[in-house]
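# Provided below for reference: sequence and predicted model.
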Amino acid sequence: MSKNSKLVQGYEVVIGFETHAQLSTKSKIFSRASTAFGAEPNTQACAVDLALPGTLPVMNKGAVERAIQFGLAVGSHVAERSIFARKNYFYPDLPKGYQISQFEIPVVQGGSVEFFLGEEKMSVRLVRAHLEEDAGKSLHEDFIGQSGIDLNRAGTPLLEIVTEPDMRSSLEAVAYAKELHKIVTWIGICDGNMQEGSFRCDANVSVRKPGEPLGTRREIKNLNSFKFMQQAIDFEIRWQIEEIEDGRKIQQATVLFDPDTGETRAMRTKEDAADYRYFPDPDLPPLCISREWVASVQADMPELPRLMAARFVADYGLPEYDATTLTQSKAMGSYFEATAKACGQPKLASNWIMGELSRRLNMGDSAIENSPVSAHQLGALISRIADGMVSNNAARQVFDALWTGDGKDVDAVIEAKGLRQMNDSGALEKIVDEVLAANAKNVEEYRAGKDKAFNALVGQIMKASKGKANPAQVNELLKARLTTAG
């Protein structure tokens, strides 16, 4: 058990995830119909999607390649031969009366997802990732006493990613989901848009006393935000513990989370695999993937986040925490690297990006791709801090001007606002001497061992220089003067 997974009222929490990532193909998994979001209902459903008699599915090669990419990204085994199966159940938005999925032999097998929770490195094992088609969508809001069916989503390619029950808290579960989201968007196999249903998470939650067998799980379906994910899991944990403590048994079920009430509610009794009567789909041959195909996909893979983070540690001397934070997205990693190269100060660049830049972006709920301060501008500003032209306080004023568009050139902003730091030793010596002469009491107190008096003298010098004196130079010069005079 990790140090982040404390017992809850004496119970151990056990969480596993099933995530549906919509693959970024332009057409559906078994037809040529478009996967574009937002079209009028039933305008992107062809004869295959509608399950008209005589139609046959044809595998989308792009969907298979994206599954291979994912397998490579998480260290899985990509099966040379996998099988498609029919998952049989009745629902109005499932035209065929079954869903084409994979059961006994999935395309991606095993692997793991690693991430940090605070300073602790975590790892969640993957059972599998399999290809399948999405169902349509039932619409209830615009129909009184009736439901409408939109089949635009029917046949949309999905990769269902299934974990072992390795997570022990809602914090751990959300951290895993965020890392998985980062991976699929980083390698470009999914756009990750949770509001549009491109990245949907189902959390299987159970509780048990330590050392006991796994408890009965309940599956929370279609969690479409990380905030709701944590709220739903926390509520479900509390609810299950209360039920057990009151002497009731947990019934396996599928539940939905209501963000308005903050509660989960049962939707239906949870089915097992046998209820779906899986059998191999006779219309689809086995999916065969050659080692040459896998090698070709591997050659075109982008640098993965964990490898980029390791390179930032090795090449730029960053702490592992910084490197992991800076590789939360490919755009952030690129921004850091461009900034570090522009200024030659990688740790300062990391501090500014994780600090002031991220704070401003979060305030505006904006992505780093939309930052009004470019990597080149930030690099130039950090260079001016490093060479002593501006203090940290003055640098923040320059950054603010760049952010609001009051200036574009760092040096021009420094000059226009009079923020150049005083580095002229002769002028600074004169100010120090004047302050010492005017503050004899502070000088005496410092020599009597009162350190606060030194800080008071520094403050007077900074005030006399209108904040332009170099603080390090002030400290050095003041100490020299006080020692010499003493």
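That came through fine.

# residue nearest the centroid of this protein?
Centroid-nearest residue in the chain: residue 178, 4.1 Å away (criterion: Cα atoms, centre = their mean).

# Check which residues of whichever helix or strand that one is part of are buried.
Using DSSP states H and E, residue 178 sits in helix 170-186. Residues 170-177, 179-186 are the ones in helix 170-186 that count as buried (16 or more other Cβ atoms under 10 Å). Quick note: C-beta positions are derived from backbone N, CA and C, even for glycine.

# Which one of those residues is nearest to residue 31?
Distance to residue 31, by Cβ to Cβ, is smallest for residue 184 among these, at 22.9 Å.

# OK, contacts around that closest one?
Residues counted as contacts of residue 184 (Cβ atoms under 8 Å, 6 or more residues apart in numbering) are 21, 70, 159, 190, 192, 199.

# how about 6 Å then?
By Cβ atoms under 6 Å, 6 or more residues apart in numbering, the residues touching residue 184 are 21, 190.

# Compute the distance between it and residue 119, please.
25 Å (Cβ to Cβ, to the nearest Å).

# for residue 105, same thing?
39 Å.

# can you pull the pLDDT of residue 423?
For residue 423, the pLDDT comes out at 60.

# quick thing: my sequence starts at 607, can you match it?
Sounds good: first residue 607 from here, last item residue 1029.

# How about residues contacting stretch 817-827?
808-814, 838, 856, 858-863, 870, 876.

# Going by neighbour count, which of the residues you listed are buried?
Buried among the contacts of stretch 817-827 by 16+ other Cβ under 10 Å: 808-814, 838, 856, 859, 861, 863, 870, 876.

# which pair in those spans the largest distance?
814 and 863 (22.0 Å).

# which residues touch stretch 704-719?
Residues outside stretch 704-719 that contact it (Cβ under 6 Å, 6+ apart): 673, 677, 680-683, 685, 688-694, 729-732, 734-739, 785-786, 884, 887.

# and the end-to-end length of it?
31 Å (Cα to Cα, to the nearest Å).

# What of stretch 629-644?
Start-to-end span of stretch 629-644 (Cα to Cα) is 16 Å.

# May I see the buried residues of that stretch?
For stretch 629-644, by 16+ other Cβ under 10 Å, it's 629, 630, 631, 633, 634, 635, 636, 637, 639, 640, 641, 643.

# Of the contacts of stretch 817-827, which belong to helices?
Among those, the residues falling in helices (DSSP state H) are residue 838.

# Sitting in strands, which of the contacts of stretch 817-827 do you find?
Counting by DSSP state E, these place 808-814, 859-863, 870 in strands.

# Residue 711 and residue 725: who's more crowded?
More crowded of residue 711 and residue 725, by other Cβ atoms under 10 Å: residue 711, with 17 against 9.

# Could you measure from residue 891 over to residue 797?
30 Å.

# Could you check which of these two is surrounded by more residues?
residue 797 (16 against 11).

# what's the neighbour count on the closest residue to that one other than its chain neighbours?
Among residues not flanking residue 797 along the chain, residue 804 sits closest, at 5.2 Å (Cβ to Cβ, 6 or more residues apart in numbering). Residues lying near residue 804 (other Cβ under 10 Å) number 22.

# quick one, what contacts residue 804?
628, 796, 797.

# Make JSON lines from the residues you listed and add distance to residue 904 to it.
What follows is the contacts of residue 804, written out as JSON lines (distance: Cβ to Cβ, whole Å):
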{"residue": "628", "distance to residue 904": "23"}
{"residue": "796", "distance to residue 904": "19"}
{"residue": "797", "distance to residue 904": "23"}
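
# among those residues, which are in strands?
residue 628.

# ok, so of the contacts of residue 804, who is nearest residue 1045?
Here the nearest of the contacts of residue 804 to residue 1045, counting by Cβ to Cβ, is residue 797; it sits at 63.2 Å.

# And the pLDDT for that closest one?
Note on residue 797: pLDDT of 95.

# How much space separates it from residue 787?
Separation of residue 797 from residue 787 (Cβ to Cβ) stands at 11 Å.

# How far off centre is the longest strand seen in the chain?
The strand that spans the most residues within the chain, counting by DSSP E, is strand 726-739. The chain centre lies 16 Å from the centre of strand 726-739; the measure is Cα atoms, centre = their mean, to the nearest Å.

# Which positions in it come out as buried?
Neighbour-count burial for strand 726-739, with 16+ other Cβ under 10 Å as criterion, is recorded at 728, 730, 732, 733, 734, 735, 736, 737, 738, 739.

# what stretches of the stretch 807-956 of the chain score poorly on pLDDT?
Applying pLDDT under 70 to the stretch 807-956 of the chain flags residues 876-877.

# go with 90
Applying pLDDT under 90 to the stretch 807-956 of the chain picks out residues 828, 830, 872-882, 926-927, 930.

# And the strands in it?
824-829, 859-864, 869-875, 885-886, 893-894 (DSSP state E, counting those that start in this stretch).

# for those strands, which one ends up most surrounded?
For the strands of the stretch 807-956 of the chain, the largest average neighbour count (mean count of other Cβ atoms under 10 Å) is found in strand 824-829, namely a mean of 20.

# Count the neighbours of residue 892 for me.
Considering only other Cβ under 10 Å, residue 892 is surrounded by 12 other residues.

# To clarify, my last question referred to residue 1037.
19.

# So for it, what's the nearest residue that isn't a sequence neighbour?
Distance criterion Cβ to Cβ, 6+ apart; nearest residue to residue 1037, sequence neighbours excluded, is residue 1070 at 5.0 Å.

# how about the helices in the stretch 607-756 of the chain?
Secondary structure of the stretch 607-756 of the chain, counting by DSSP state H, counting those that start in this stretch: helices at 667-679.

# can you give me the strands in it?
Assigned by DSSP E, counting those that start in this stretch, the stretch 607-756 of the chain shows strands spanning 618-628, 683-684, 687-688, 691-694, 704-707, 714-715, 718-723, 726-739, 743-745, 754-756.

# Can you flag the weakest of those by average pLDDT?
strand 743-745 has the lowest average pLDDT among the strands of the stretch 607-756 of the chain, namely a mean of 89.

# quick one: buried residues of that one?
Result for strand 743-745 [16+ other Cβ under 10 Å]: no buried residues.

# Kindly report the same for stretch 646-654.
Neighbour counts over stretch 646-654 (16+ other Cβ under 10 Å) mark 650, 651, 652, 654 as buried.

# Take these and lay them out in JSON lines including distance to residue 743 and pLDDT.
Shown next, in JSON lines, are the buried residues of stretch 646-654 (distance: Cβ to Cβ, whole Å; pLDDT from 0 to 100):
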{"residue": "650", "distance to residue 743": "12", "pLDDT": "96"}
{"residue": "651", "distance to residue 743": "11", "pLDDT": "95"}
{"residue": "652", "distance to residue 743": "17", "pLDDT": "96"}
{"residue": "654", "distance to residue 743": "18", "pLDDT": "96"}
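
# so which of those residues comes closest to residue 1066?
residue 650 (72.5 Å).

# Quick check: chain neighbours aside, which residue is closest to the closest one?
Closest residue to residue 650 apart from its sequence neighbours, by Cβ to Cβ, 6+ apart: residue 758 at 4.4 Å.

# now do residue 629
Nearest non-adjacent residue to residue 629 (Cβ to Cβ, 6+ apart): residue 763, at 4.2 Å.

# which one of the buried residues of strand 726-739 is nearest residue 915?
residue 728 (14.7 Å).

# How much space separates that closest one from residue 774?
Here residue 728 is placed at a distance of 10 Å from residue 774 (Cβ to Cβ).
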